[in-house]
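K.L.:
Here is a sequence together with a model predicted from it:
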Amino acid sequence: MTVVKNICCIGAGYVGGPTCAVLAYKCPDIKVTIVDLSEARIAAWNSDNLPIYEPGLDQVVFECRGKNLFFSTNVDAAIQEADLIFVSVNTPTKKTGMGAGMAADLAYVESATRRIAEVAKSSKIVVEKSTVPCRTAQSMRTILEANSTPEIHFDILSNPEFLAEGTAIKDLLNPDRVLIGALQTESGIEAQNALVDVYTHWVPKDRVITTNLWSSELSKLAANAMLAQRISSINALSAICEATGADVDEVAFACGKDTRLGSKFLKASVGFGGSCFQKDILNLVYLSQQLNLPEVADYWQQVVTMNEYQKKRFVRNIISTLFNTITNKKIAVLGFAFKKDTGDTRESAAITLIKDFMQENARVAIYDPKVEPQQIYMDLAEPGVLVGAQEQVEKKVQICQSAYEAADGADAVVIVTEWDEFRDDQLDYAKIYAGMNKPAFLYTKDTVTMDRIQQTSGAKSTQPTIPTTRITTKTAVRPTRASLARRDMVQKQKQQEQQSNKRTSLPGGNTLITRDKNTLNNRSRHSLPATSTKSPSSSSSNHNAPTGLSRHSLPASSKVRPSQHRSTVDRKPPVGRRTTTANPGDRKTTTTTAPPRVAPVKRKSTLSNTTNEPVKKRAAWDHRVRQAYEWGGY
Ligand SMILES: NC(=O)c1ccc[n+]([C@@H]2O[C@H](COP(=O)([O-])OP(=O)(O)OC[C@H]3O[C@@H](n4cnc5c(N)ncnc54)[C@H](O)[C@@H]3O)[C@@H](O)[C@H]2O)c1
Ligand SMILES: O=c1ccn([C@@H]2O[C@H](COP(=O)(O)OP(=O)(O)O[C@H]3O[C@H](CO)[C@@H](O)[C@H](O)[C@H]3O)[C@@H](O)[C@H]2O)c(=O)[nH]1
């Protein structure tokens, strides 16, 4: 039986570093050496300032470094010493040549494999940790076997990594499962058992799954494709929600309660980012095409297409609500990393959004708590992102030290990354508002709807009303008293509408209901016009704004009293109105004036009647709900 005593990991990146640091932490009897070609990266791993930000990583590394955990650029020595070698190098999407834009670039995997074959002086278990197309292990095996001798034998395993950035240490310490694929030969199974023994130092045995090589490789792509598919599904539904008045969070909550579906990964967003999802789905699309399965390829391609659509839709909505132009307007972008608790910016939605803002000649101010300015400049200067060199980018964007600095003088604040410090109990939104141009707008990533800081009547600004992120029943929490009250209230309003709303007959026998401007929920209800043409009233508005607004509470940190909040609204009649023409799915034919960001006074009295809760108390309640959700994660 093979016992692993010495492990080498080739690739000291987001996966190799944390994975093998946790392995060293949990297996003090095993020596772990993480190697990389990048001297800068290894120097950082050996310093107090680790090259990646990941909660809990510092403690793990500082605990083991120098004892049984080592970082080195001496790749050959580490290979020679090891019994087992993880190949954890990058596998980005190919940029040129065959399969460009889709296929995984396996050059780094191949070069690491060749290096092992060249320098190994004893038998090794080589473990494919990188995410690779199905049957890559076959190519690795061919390279290794071509160099094996009677004394040196190579076994190849597939052990894909499922950690998510931002929660990597938690995921590694307590994984849902560990997957190990092997050739079903005697030697393959022995190697598989040796790796099982390593993991069972801390992972319960029933969570270590053993399969054949190809199932293991494909399972990694499949898991990512299915996770991303859920996000695209909920994002597709968010577009329908905005057009119909349904609330995407409520839909997600209702669907997620079905135990067959589950509540995770149903959070509508501006689109998924990160180095993995898009790359791995495109990888699957390419694989399907190569296998002559065009329908399968099209199916998975649609997940990526929907993601792109969502990002574009978000930008379009922002421009639309900013009166159809953002030229020379200052847009504050809060967050640049692709998700919170990581400094990783790869495929971050922020890059796409900022690119679009800049192409519309907006001025962009960016703040992220963990991403270095240099990284932001590099990402924005990437060919195909912004035309021009880094110096040009530096002239166009302002990188700020705080959210307040970014928002100062801004026309709009866009929260792209859901960092905790942007929560309304952390950030003083009254202060943010005070420093902004009026009317001021706030957009949040998870709603894809406009969150308007204040409704003003023209150029003159009024008292701040400061709604912050929307309050809804989120996927991880039960419906609240507040949301039930809202439902009651909406029903009540519906009844009132039936009496007071004007009914307009549309050609084709359809009916357009124009809502009373002062109703709480400014989403209009439409009968679906199969053949209707544009109603006369639709020509009066030229906006294409999102409408899926829900209620907002005052932030805990807000200095604005509920009474001020209401009185401002009293002074300002909401303008939300929506008319739909022939094709309800065609956003171009749907015109909407931006609905008010906050409810009119009517809302308060209705709510008070329904819940018997003063507004202030209700706001606090809503705030707790949101916090509970956010701490619960997706
Ligand atoms: N980032 C994630 O959250 C995540 C999660 C699961 C799986 N994965 C997969 O893991 C793999 C690695 O991802 P990552 O995010 O860690 O990438 P990364 O770019 O952060 O790290 C890869 C490292 O490998 C090094 N490298 C490349 N070729 C080398 C060679 N021949 N010898 C020595 N070092 C070499 C690079 O210098 C780099 O530091 C990818 O296949 C990725 O799809 C990533
Ligand atoms: O309900 C959700 C969940 C996530 N996201 C977004 O999806 C992206 C990816 O998030 P997440 O999956 O949490 O982070 P990653 O680090 O990309 O992790 C994914 O990709 C890794 C690399 O393959 C896998 O190992 C992980 O299992 C898989 O979750 C981010 O932009 C999130 O904001 C949503 O929009 N809605």
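P.N.:
Received the coordinates, thanks. Ligands and ions are numbered 1, 2, ... in the order given.
K.L.:
Now residue 93: closest residue in space that isn't a chain neighbour?
P.N.:
Closest residue to residue 93 apart from its sequence neighbours, by CB to CB, 6 or more residues apart in numbering: residue 279 at 5.0 Å. In this view, the C-beta of every residue, glycine as well, is placed from N, C-alpha and C.
K.L.:
Sorry, wrong one. I was asking about residue 161.
P.N.:
residue 15 (5.0 Å).
K.L.:
picking up where we left off before, count of residues packed around the residue nearest to residue 93?
P.N.:
23 (other CB atoms under 10 Å).
K.L.:
Am I right that it sits in a strand?
P.N.:
No. Following the definition DSSP: H, G, I helix; E, B strand; the rest coil, residue 279 is helix and is not counted among the residues of a strand.
K.L.:
Spit out the contact partners of residue 300.
P.N.:
Taking CB atoms under 8 Å, 6 or more residues apart in numbering as the contact definition, residue 300 lies against 225, 229, 281, 284, 285, 288.
K.L.:
Out of these, list just those in strands.
P.N.:
Filtering those for membership in strands, criterion DSSP state E, returns an empty set.
K.L.:
Dump those to CSV, plus neighbour count, distance to ligand 2 and pLDDT.
P.N.:
Below are the contacts of residue 300 laid out as CSV (neighbours: other CB atoms under 10 Å; distance: CB to the nearest ligand atom, whole Å; pLDDT from 0 to 100):
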residue, neighbour count, distance to ligand 2, pLDDT
225, 21, 10, 98
229, 18, 11, 98
281, 26, 11, 98
284, 24, 12, 97
285, 23, 16, 97
288, 18, 18, 97
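K.L.:
sorry, back to before: I'd say the residue nearest to residue 161 and residue 129 touch.
P.N.:
Yes. Contact between residue 15 and residue 129 holds when scored by CB atoms under 8 Å: they sit 6.4 Å apart.
K.L.:
For these two, list the residues in contact with both.
P.N.:
Both residue 15 and residue 129 are contacted by 88, 161, under the criterion CB under 8 Å, 6+ apart.
K.L.:
Any idea how many residues pack against the residue nearest to residue 161?
P.N.:
Counted with other CB under 10 Å, the burial measure for residue 15 works out to 25 neighbours.
K.L.:
can you check residue 95 too?
P.N.:
Using other CB under 10 Å, residue 95 has 10 other residues around it.
K.L.:
Same question for residue 204.
P.N.:
Counted with other CB under 10 Å, the burial measure for residue 204 works out to 11 neighbours.
K.L.:
Kindly report the same for residue 29.
P.N.:
For residue 29, the count of nearby residues is 9 (other CB under 10 Å).
K.L.:
Would you confirm that residue 71 belongs to a strand?
P.N.:
Yes. Checked against three-state DSSP, residue 71 lies within a strand.
K.L.:
got a list of what the residue in the stretch 351-500 of the chain that ligand 1 sits nearest to touches?
P.N.:
Among all residues of the stretch 351-500 of the chain, residue 375 sits closest to ligand 1, at 13.1 Å; criterion: CB to the nearest ligand atom. With contacts taken as CB under 8 Å, 6+ apart, residue 375 has the following neighbours: 336, 343, 345.
K.L.:
Between these, identify the one with the most neighbours.
P.N.:
residue 336 (27 neighbours).
K.L.:
Torsion angles phi and psi at the nearest residue to that residue once chain neighbours are set aside?
P.N.:
Residue nearest to residue 336 in three dimensions, not counting chain neighbours: residue 368, with 3.9 Å by CB to CB, 6+ apart. Here the main-chain torsion angles of residue 368 (degrees, to the nearest 10) amount to phi -140, psi 130.
K.L.:
shouldn't residue 368 be in contact with residue 415?
P.N.:
No. In terms of CB under 8 Å, residue 368 does not count as a neighbour of residue 415; the distance is 11.2 Å.
K.L.:
ok so, going back, now do the same for the residue nearest to residue 336: its pLDDT.
P.N.:
As predicted, residue 368 sits at a pLDDT of 98.
K.L.:
How many residues are close by it?
P.N.:
The burial metric for residue 368, expressed as a neighbour count using other CB under 10 Å, is 26.
K.L.:
Can you say which helix or strand has residue 302 in it?
P.N.:
Assigned by DSSP states H and E, residue 302 belongs to helix 294-321.
K.L.:
Within range of ligand 2, give me the residues from the stretch 1-150 of the chain.
P.N.:
Counting by CB under 6 Å from any ligand atom, the residues of the stretch 1-150 of the chain close to ligand 2 are residue 131.
K.L.:
other SSEs contacting the helix or strand that residue 112 is a member of?
P.N.:
Of the helices and strands defined by DSSP H and E, residue 112 is found in helix 107-119. Contacts of helix 107-119 with other secondary structure elements, assessed using 3 or more CB pairs under 8 Å, 6 or more residues apart in numbering; DSSP states H and E, are made with strand 6-10, helix 75-81, strand 84-87, strand 124-128, helix 136-146.
K.L.:
try 6 Å
P.N.:
On a contact count with 3 or more CB pairs under 6 Å, 6 or more residues apart in numbering; DSSP states H and E, helix 107-119 meets helix 75-81, helix 136-146.
K.L.:
where does the chain dip in pLDDT?
P.N.:
Along the chain, the parts satisfying pLDDT under 70 run over 383-389, 445-634.
K.L.:
got the contact list for the residue in the chain positioned nearest to ligand 1?
P.N.:
Closest to ligand 1 within the chain is residue 13: 1.9 Å, counting by CB to the nearest ligand atom. When contacts are counted by CB atoms under 6 Å, 6 or more residues apart in numbering, residue 13 touches no other residue.
K.L.:
try 8 Å
P.N.:
If you count contacts by CB under 8 Å, 6+ apart, then residue 13 has 36, 41, 52, 88, 89, 90 around it.
K.L.:
Helices along the stretch 101-250 of the chain, start to end?
P.N.:
In the stretch 101-250 of the chain, the segments counted as helices under DSSP state H, counting those that start in this stretch are 107-119, 136-146, 168-173, 186-199, 213-244, 248-256.
K.L.:
how about the last one, does it reach ligand 2?
P.N.:
No. Remark: helix 248-256 sits outside contact range of ligand 2, by CB under 6 Å from any ligand atom, the gap being at least 8.4 Å.
K.L.:
close to ligand 2, is stretch 306-317?
P.N.:
No. Interface with ligand 2: stretch 306-317 contributes nothing (CB under 6 Å from any ligand atom), its closest point being 8.9 Å away.
K.L.:
picking up where we left off before, what's the separation between the residue of the chain closest to ligand 1 and residue 288?
P.N.:
Using CB to CB, to the nearest Å, one obtains 27 Å as the distance from residue 13 to residue 288.
K.L.:
returning to that earlier point: what would the helices of the stretch 101-250 of the chain look like in a markdown table with distance to ligand 1?
P.N.:
Below are these laid out as a markdown table (distance: least, CB to the nearest ligand atom, whole Å):
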| stretch | distance to ligand 1 |
| --- | --- |
| helix 107-119 | 4 |
| helix 136-146 | 10 |
| helix 168-173 | 7 |
| helix 186-199 | 16 |
| helix 213-244 | 7 |
| helix 248-256 | 24 |
